[in-house]
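K.L.:
Kindly generate the corresponding structure for this input.
(2 chains)
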Amino acid sequence: MNSTEYVVQAEALSKRFGRRWAVRELDLAIPRGTVCGLLGPNGAGKSTTLRMLLGLLRPTAGAVRLFGAPLRDARLHVLKRVGCLIEAPAFYPHLSARKNLQLLGKLSGGVDAARIQATLERVGLGDRGEDRTAGYSTGMKQRLGLAAAILHDPEFVLLDEPLNGLDPPAVLLVRRLIRELAEREGKTVLVSSHMLHEVEVSCDHVVLMRGGQKVLDGPVGALLEPDHAFLELRVDDVAAARGWLDAQQGVGEVREEAAGELLVELQGTTPDAVNRGLVEAGVAVSRLAPRRRTLEDLFAAETAEEGAA
Amino acid sequence: MIGRLRTLYVVELQKLLARKLVWVGALGVVLLALAGPGLSGLAAAAKAAREGAEVDAFQNGWTVLAGSVSRASALIWLLAVVLSASSVAEEASWGTLRVVCARPVRRAEWVVAKVLALWSLCALALFAAVLAATLSAELSFGLYDVVDPLFPDRVAHTFGDMRGFVLGATAVSVLPLLALIAAGTLVSTLVDHPGHATGAAIGGLVLLSAAGSLLGSFSDYSFVDQLGLPFQLVSDLANQYTGKLREFEEDLPRVAWSSCLWAAGATYLAATRLTLRDVV
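P.N.:
This next block holds a predicted model:
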């Protein structure tokens, strides 16, 4: 693995709190210039992982390299190139947004007033810079947190739940911002989120965690490739339809999503073959819609495995 | 390192100056120092009433000055304890601890900058108190040579001597103040809730003071017991108590070095604690 190709490399990263392992033997490699989504249910170890990547938590075992340099030895140097929003955005409540950014900018090596104004405008707070952050709504704080993360023009931006508390226009703004950071400015972005659809539309690469361990890792396109397509069906006899579908080689998981509605994973067969087979089996099909595999499907499958385990 | 420390120091100073408590406290310190003569009179009357004796009429500009600075200093100590004990704890409760620690900041340097920034402001407040008390003493009694009231021709301490004692006491007083701030900051790195940290710091100071009362020799080296000592000695010199000049010359160097040791030790422990802790 060429270290310069990867912004983040974690090897066998582990963190234990008391007797509980929050993260265990996690290997992670995030290629330069990608938007990587870190997914997982609550308690999966996402926030602990992000904190270890920033040096906020000391790993119980394993090591982190940022930009090819060991974080432990080169923390001051590499963190100049990193911007982050960790969990809830936090600011000095008695200071204005602009003053908060000025102080944070100083800590990151200095940022001029024009850059601060431009960053405030970029997150839609251009005319609220003089307001004290104590009076900010959750959404405004979240926007300001994003501004603080990108203020010093970092090469690697790490965002923990950046969409929390945002209204729909702000969600669109953040989505656009994340894409711009990667596509126009060539930055690497790591986003942790519960919003699966947002990760799917914003990210190139996905890492799925569960129980402190990585269970899935790969480019979004490859994970959602067409041969893992889904079929939405509305049928008059669910039991008969399931019976026929379960007997087919080219059909994977079958889920009942609502009364009379099935979601069928296609693994080699085609929608018209399924339609023909069901009709021949005496099942009336009133709706048939192919659906691309989504991260939600992947997530549900992994969660189902967890439940089965 | 110096450049990073300077940046952190400026940031901490700006954060402190943006707080109302700092300005209200500074105003209170100056007003207390200015009100010195009146408060000195009230204090003397209260003491006389308590002891059933006549009011001790002996006062001069220097006793008023020392008394005023002592009273104003008590407010500075209170502010120093509250602000230092909440300095890191407040960052933890606001969540800015992780924001700052995720930036290219050496945590040990941040602790040093916090201690130095608060110390600078408290030292400035002390200098302001001394100036205000000097003005007040000059306007009320005047600042002259200290003479024996029974033998007005006998000069106990000249104006120049007394000015030197005040300057020396001012210079030395900032050192126990530095130790106090470092100790408060140490508590702040141990307790994440600002209110609890302030309570713990005050409790710790009470314990140190009690230890000083129980162990006489410990008191000689405890910054808690040394906070008011320099201006107490100035007051004693102005009152012409015997043997105080020797005490002034012997005690002040001890106050200076022992306070520096306390400050260095507490700052080192606070920096180590913040460096080694997980920031969640």
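
K.L.:
ok, the residue in the stretch 101-250 of chain A that chain B sits nearest to - how many residues close by?
P.N.:
Distances between the stretch 101-250 of chain A and chain B by Cβ to the nearest Cβ are smallest at residue A:107, namely 4.3 Å. All C-beta atoms are positioned from the backbone trio N, CA, C, and that covers glycine. By the criterion of other Cβ atoms under 10 Å in any protein chain shown, residue A:107 has 21 neighbours.

K.L.:
Pull the contacting residues for it.
P.N.:
Shown in contact with residue A:107 (Cβ atoms under 8 Å, 6 or more residues apart in numbering or on different chains): B:7-8, B:11, B:100, B:103-105.

K.L.:
Need the residues that contact the lowest-mean-pLDDT helix or strand in chain B.
P.N.:
Of all helical and strand segments in chain B, the minimum by mean pLDDT, DSSP states H and E falls on helix B:36-51, at a mean of 75. Applying Cβ under 8 Å, 6+ apart, the external contacts of helix B:36-51 come out as B:32, B:54-56, B:59, B:63-65, B:67-68, B:71, B:133, B:136-137, B:140-141.

K.L.:
List just the nearest of the residues you listed to chain A.
P.N.:
residue B:32 (25.0 Å).

K.L.:
State the three-state secondary structure for residue A:130.
P.N.:
coil (DSSP: H, G, I helix; E, B strand; the rest coil).

K.L.:
Wait, it touches residue A:100, no?
P.N.:
No: counting by Cβ atoms under 8 Å, residue A:100 is not a contact partner of residue A:130; they are 11.4 Å apart.

K.L.:
Looking at those two now, which is surrounded by more residues?
P.N.:
The neighbour count for residue A:130 versus residue A:100, taken as other Cβ under 10 Å, is higher for residue A:100 (25 against 9).

K.L.:
so how far is chain B from the more buried one?
P.N.:
9 Å (Cβ to the nearest Cβ, to the nearest Å).

K.L.:
Which members of the contacts of helix B:36-51 additionally contact chain A?
P.N.:
When these are filtered against chain A using Cβ under 8 Å from any Cβ of the partner chain, no residues are retained.

K.L.:
Buried only: go through these for me.
P.N.:
Buried members of the contacts of helix B:36-51, counted by 16 or more other Cβ atoms under 10 Å in any protein chain shown: B:32, B:59, B:63-65, B:67-68, B:71, B:133, B:136-137, B:140-141.

K.L.:
Could you dump those residues into a markdown table and include secondary structure?
P.N.:
Converted to a markdown table, those look like this (three-state DSSP):
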| residue | secondary structure |
| --- | --- |
| B:32 | helix |
| B:59 | coil |
| B:63 | helix |
| B:64 | helix |
| B:65 | helix |
| B:67 | helix |
| B:68 | helix |
| B:71 | helix |
| B:133 | helix |
| B:136 | helix |
| B:137 | helix |
| B:140 | helix |
| B:141 | coil |
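
K.L.:
Using pLDDT, spot the least trustworthy of those.
P.N.:
Least confident of those in the model: residue B:59, at 76.

K.L.:
tally of neighbours for residue 164?
P.N.:
Defaulting to chain A. Residue neighbour count, defined by other Cβ under 10 Å, stands at 18 for residue A:164.

K.L.:
Wait, chain B was what I had in mind.
P.N.:
There are 12 residues near residue B:164, going by other Cβ under 10 Å.

K.L.:
And for residue B:256?
P.N.:
Residue B:256 - counted by other Cβ under 10 Å - has 19 other residues nearby.

K.L.:
Do a quick rundown of the helices in the stretch 101-250 of chain B.
P.N.:
B:107-140, B:159-190, B:194-214, B:216-221, B:223-226, B:229-238, B:244-276 (DSSP state H, counting those that start in this stretch).

K.L.:
which stretches of the stretch 101-250 of chain A form helices?
P.N.:
Under DSSP H, counting those that start in this stretch, the stretch 101-250 of chain A gives helices at A:113-122, A:138-150, A:168-183, A:196-202, A:220-223, A:238-246.

K.L.:
most packed of these?
P.N.:
Mean neighbours per residue, mean count of other Cβ atoms under 10 Å in any protein chain shown, is largest over the helices of the stretch 101-250 of chain A for helix A:138-150, with a mean of 23.

K.L.:
Need the contact partners of that helix.
P.N.:
With Cβ under 8 Å, 6+ apart as the criterion, helix A:138-150 contacts A:83-85, A:88-91, A:97, A:100-101, A:104, A:119-120, A:122-125, A:128, A:133, A:136, A:157-159, A:162-167, A:170, A:173-174, A:177, A:181, B:99.

K.L.:
please redo it, this time with the cut-off set to 7 Å
P.N.:
Defining contact as Cβ atoms under 7 Å, 6 or more residues apart in numbering or on different chains, one finds that helix A:138-150 is touched by A:83-85, A:89, A:91, A:97, A:101, A:104, A:119-120, A:123-125, A:128, A:133, A:136, A:157, A:159, A:162, A:164-167, A:170, A:174, A:177, A:181.

K.L.:
ok so, going back, got the buried residues for the least confident helix or strand of chain B?
P.N.:
So for helix B:36-51, counting by 16+ other Cβ under 10 Å, buried means B:36-37, B:39-40, B:44.

K.L.:
residue in chain A nearest to chain B?
P.N.:
Closest point on chain A to chain B, by Cβ to the nearest Cβ, is residue A:90, at 2.8 Å.

K.L.:
quick one: that residue is in a strand?
P.N.:
No: secondary structure of residue A:90 (three-state DSSP): coil, not part of a strand.

K.L.:
Residue A:51 touches residue A:57, doesn't it?
P.N.:
Yes: Residue A:51 is in contact with residue A:57 according to Cβ atoms under 7 Å; the separation is 4.3 Å.

K.L.:
Neighbour count: the two, which is higher?
P.N.:
residue A:51 (27 against 22).

K.L.:
In terms of mean pLDDT, which of the helices of the stretch 101-250 of chain B ranks lowest?
P.N.:
Among the helices of the stretch 101-250 of chain B, helix B:216-221 scores lowest, at a mean of 84.

K.L.:
Show me what that helix is in contact with.
P.N.:
By Cβ under 7 Å, 6+ apart, helix B:216-221 touches B:211-213, B:225, B:254, B:258.

K.L.:
Which two of these have the greatest separation?
P.N.:
Using Cβ to Cβ, the two most remote members of the contacts of helix B:216-221 are B:213 and B:254, lying 18.3 Å apart.

K.L.:
which residue is nearest the centroid of chain A?
P.N.:
Among the residues of chain A, the one closest to the centroid is residue A:37, at 2.9 Å (Cα atoms, centre = their mean).

K.L.:
what about that one, which SS state?
P.N.:
strand.

K.L.:
ok now do it, which residues does it touch?
P.N.:
For residue A:37, the contact set (Cβ under 7 Å, 6+ apart) comprises A:191, A:193, A:199, A:203, A:206.

K.L.:
my read: the first one touches residue A:162, true?
P.N.:
What that stands for is residue A:191. Yes: the pair residue A:191 and residue A:162 qualifies as a contact (Cβ under 7 Å) at a distance of 6.4 Å.

K.L.:
Looking at the backbone only, give me phi and psi for residue A:12.
P.N.:
For residue A:12, the backbone dihedrals (degrees, to the nearest 10) come out as phi 50, psi 40.

K.L.:
Give me the pLDDT value at the nearest residue to it once chain neighbours are set aside.
P.N.:
Excluding its sequence neighbours, the residue lying closest to residue A:12 (Cβ to Cβ, 6 or more residues apart in numbering or on different chains) is residue A:62, at 4.1 Å. With respect to pLDDT, residue A:62 scores 94.

K.L.:
how about stretch A:68-83, does it get close to chain B?
P.N.:
Yes: applying Cβ under 7 Å from any Cβ of the partner chain, one finds stretch A:68-83 touching chain B at A:76, A:79-80.

K.L.:
quick check, nearest of these to residue A:222?
P.N.:
Using Cβ to Cβ, those come closest to residue A:222 at residue A:79, 31.7 Å.
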